[in-house]
Structures are given as structure tokens and as C-alpha cells.
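[1] Please work out how this folds:
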Amino acid sequence: MSRLSKSAIATGDGQFVIEEVSLAAPQPDEVIVKMRAAGLCHTDYDSLSWGKPIVMGHEGAGEIIELGEAVRAFEVGDKVILNWATPCMSCFQCQEGNQHICENNSPVVAGGNGHTPGHAHLEGTKWKGQVIERSFNLGTLSEFALVKESALVKVEEEELNFSAAAIVSCGVMTGYGSVVNAAKLQAGSSVAVLGCGGVGLNVIQAAAISGAAKIIAVDINADKLALAKQFGATDTLLANRADEGLIQAAEKVREMCNGRGADYAFECTAVPALGAAPLAMVRNAGTAVQVSGIEEDITIDMRLFEWDKIYINPLYGQCRPQIDFPKLMALYKKGELKLDEMITREYKLEDLSLAFDDMLKGRNAKGVVVFE
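    Down below sits the predicted model:
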């Protein structure tokens, strides 16, 4: 029996509509989740330009309302966070512990098109009588989502703030994991963070949780720098938009870090011209991390790599969902990980245009669509 679900649908021509899709009954390894909240990020807006119809959204949290016959790890009524990088647990990369780049299920790696999702598990969702893809095999900007069991992580909370849980599964995980899983930041270190949007704020608070002694927030927006202080930045640096490659800002960062540069620098701007900027801010043998997922060609002065500098480009904070999501929720419950404070505004699905406008104009640290 099919189920109708009001959804945000990218129409393939740069626009979107709010219309109903139909969901088939779940296959043996699938579940239907009643969405309670869906986080918004720039990738959701980018999906308008993917050139094909797609149910939008890849961050979210909700409650299970229907199970496939082979599902054993979940029950109807379970509260869950949806994870877009679903591991198969049997391929080479999963066996290596790299669940975020699963060779069989990852919509990014397997699809081979950057952030354009692949074509797995699509038969269960239809729009206007035709099969339609779900963004990153999820499609969270919808009243209901039909997803694989492997895309879910159970949340053991009686009174769950679904909006807070919804933002864990992309921006929070990317920022936090880039610090903890990828860079393995050491306590007492110095850190520079380029860009203080949603991902950058999570890098900042992850560095603070990890015990960084100096956290320098760098941005061209003074309001964002003020917000960065609330999330753990010890110092701020207002950059000049005309500072090409942030070279002048890098000189100031070096001065603020004993004249040699920061131990770690994280690029969180998604601006291609700044892809190499963290290399200029770290000391010799320091670690530069490209967090924001730049996928354009850029030119890098190789002298920035001198001497023994490390440059890494992790995907999704090297997420292991069944391990990392419970850790993040535990830190949130203790009050160490700020999630409620990151949500600037909540929206109804019908207000998605406004939500995108607020995001693109930098009004929000994080916007969330909530469902009745």
C-alpha cells in the first residue's frame, strides 16, 4: 500500500516545488520514517542545479512508523537520526574502518559525481507516476522518508529535541569529525578556523572540547566572529575580503602563534580561492585541513607545503555513524556540544524559499525545517 508524502522536490531546472510523492511499502531491509525535523545546508540548495528531479534533503531526524520484514535492529516508535553515508560493513573501505567512503553504498564515492547522489534504492519513491531519486538516498525534506535500515542510528532519548538531532548528521559531524577523527587534534594545541558558518562553528567547538589552548576564528563578517566566541573561540580575526588567499590574515595568525603559525588550520569557507589558505597559517610540520568540500580546480603554490606540512581533505569528518552519533548526542546531553544554540531559526516546509534566502545571505548559523 502506497503512502503520500508532502515533499520539497527539485525539478531539475533550478527550481523546486512542494508537492506529494508516493512511497511504496518498505522492502525487507527498508523502513519508513516520519520526519520530525530536517537540517538545511548549502548542498540542499545545490541540489537544485543537479539537472534532474530529486526529493531534496539529506539531514534529518524522526520516528520509525513502518518496518520491512527483515529489519531486526529497530522497532516502530524508535527515534532515529538519518545518515547519508550508509556503510555496507563488508567492502574493503568499511573493513578498513572508513565507513564514510563505503564502496557499495556511498552516494558520493560510488556515484563518482562529487556531491551528486548515486542511483541506489530508488524504486520505492514516485512523483507524477515516475520513479524519483532521493537526495543522498534519503530525501529528508519530506513528511515521510523511505530509507535503508543501514541509514539509521537510534537515539536513546525520551525527550528528544528533533531539531538538534537533525543537524548532527552532516554539518555537525563534518566539523566535529574533521577535528577529532581526521586531524586528531591534541590538547593544548593552537588552531585557526577559516569561516565561521555552521561547519566552522562545529570545528571551533570540537577544538574546544578537545582541549585546544588557542582557537583563532577568522571571517570577514564581524557578527559571525561574535558567534564564534560563543562556541569556544579564544581569539578572532576580522579578515579583509580583498586579502587574496588570506595571506595578510595568515601573517597575523603566525604572529598570534609565537611567530611560527598554528598547529592546525581548518578551511570551512567552501571558497575555492581559499583552498590553500590553511597551509599558509600552519607552522612547519603543522596540519592543514580542507573541511568544506571544495571540488573545483585550484592553483596552489607548492612552497606553502614547506616544511613537512600535512594537508588532508577528509569526507564527512570520517564518520562512523553508529559510533560517532551516540558520542555527539552524549556530549550534547552533557552540555558540552552546543546544538540548540546553533539553530538560528525553524521553518515550515512551505517556507523553504525563505529558509534558503536566510542561509544564502548568512542570517543563520543553521536553519531547520520542522514537521507537524
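[2] Tell me where the stretch 101-250 of the chain has strands.
    For the stretch 101-250 of the chain, applying DSSP state E, counting those that start in this stretch gives strands covering 125-127, 130-131, 133-134, 144-148, 152-154, 190-194, 214-219, 235-238.
[3] and Gly51, which of those strands is closest to it?
    strand 133-134 (11.4 Å; Cβ to Cβ). Every residue, glycine included, has its C-beta placed from N, CA and C.
[4] Check the strands of the stretch 101-250 of the chain for me and report the most buried one.
    Of all the strands of the stretch 101-250 of the chain, strand 190-194 carries the top mean neighbour count, a mean of 32, counting by mean count of other Cβ atoms under 10 Å.
[5] helices or strands next to it in the packing?
    If you count contacts as 3 or more Cβ pairs under 8 Å, 6 or more residues apart in numbering; DSSP states H and E, strand 190-194 packs onto helix 198-209, strand 214-219, strand 262-267, helix 277-281.
[6] now that strand, how far from the chain's geometric center?
    19 Å (Cα atoms, centre = their mean, to the nearest Å).
[7] where does the chain dip in pLDDT?
    Applying pLDDT under 70 to the chain flags residues 1, 109-122.
[8] hmm, try it at 80
    For the chain, the stretches flagged by pLDDT under 80 are 1, 106-123, 158, 295.
[9] which residues in it form helices?
    With DSSP state H, the ranges of helices along the chain come out as 42-46, 92-95, 162-166, 171-177, 198-209, 222-230, 247-256, 277-281, 321-334, 352-360.
[10] List the neighbours of the third one that are in contact with it.
    The list of residues contacting helix 162-166 from outside it, by Cβ atoms under 8 Å, 6 or more residues apart in numbering, reads 36-39, 59-62, 79, 81, 140, 155, 157, 329, 332, 339-340, 343, 346, 368, 370.
[11] Just the ones in strands from those, please.
    Counted as lying in strands by DSSP state E, out of those, are 36-39, 60-62, 79, 81, 346, 368, 370.
[12] From those, keep the buried residues only.
    36-39, 60-62, 79, 81, 368, 370 (16 or more other Cβ atoms under 10 Å).
[13] For stretch 355-366, list every residue counted as buried.
    355-356, 358-359, 364-366.
[14] Stretch 149-165 now?
    Within stretch 149-165, the residues that count as buried by 16+ other Cβ under 10 Å are 149-155, 160, 162-165.
[15] Could you give the number of residues near Gln99?
    When counting by other Cβ atoms under 10 Å, one arrives at 27 neighbours for Gln99.
[16] should've said Gly77
    Neighbours around Gly77, by other Cβ under 10 Å: 8.
[17] re earlier: quick check, nearest of the ones in strands among the contacts of helix 162-166 to Asp13?
    Looking across the ones in strands among the contacts of helix 162-166 and measuring by Cβ to Cβ, the closest to Asp13 is Ala38, at 22.6 Å.
[18] Just give me the neighbour total for the nearest residue to Ala208 once chain neighbours are set aside.
    Residue nearest to Ala208 in three dimensions, not counting chain neighbours: Gly232, with 3.0 Å by Cβ to Cβ, 6 or more residues apart in numbering. If you count neighbours by other Cβ under 10 Å, Gly232 ends up with 21.
[19] For Val199, see how far away Gly232 is.
    14 Å (Cβ to Cβ, to the nearest Å).
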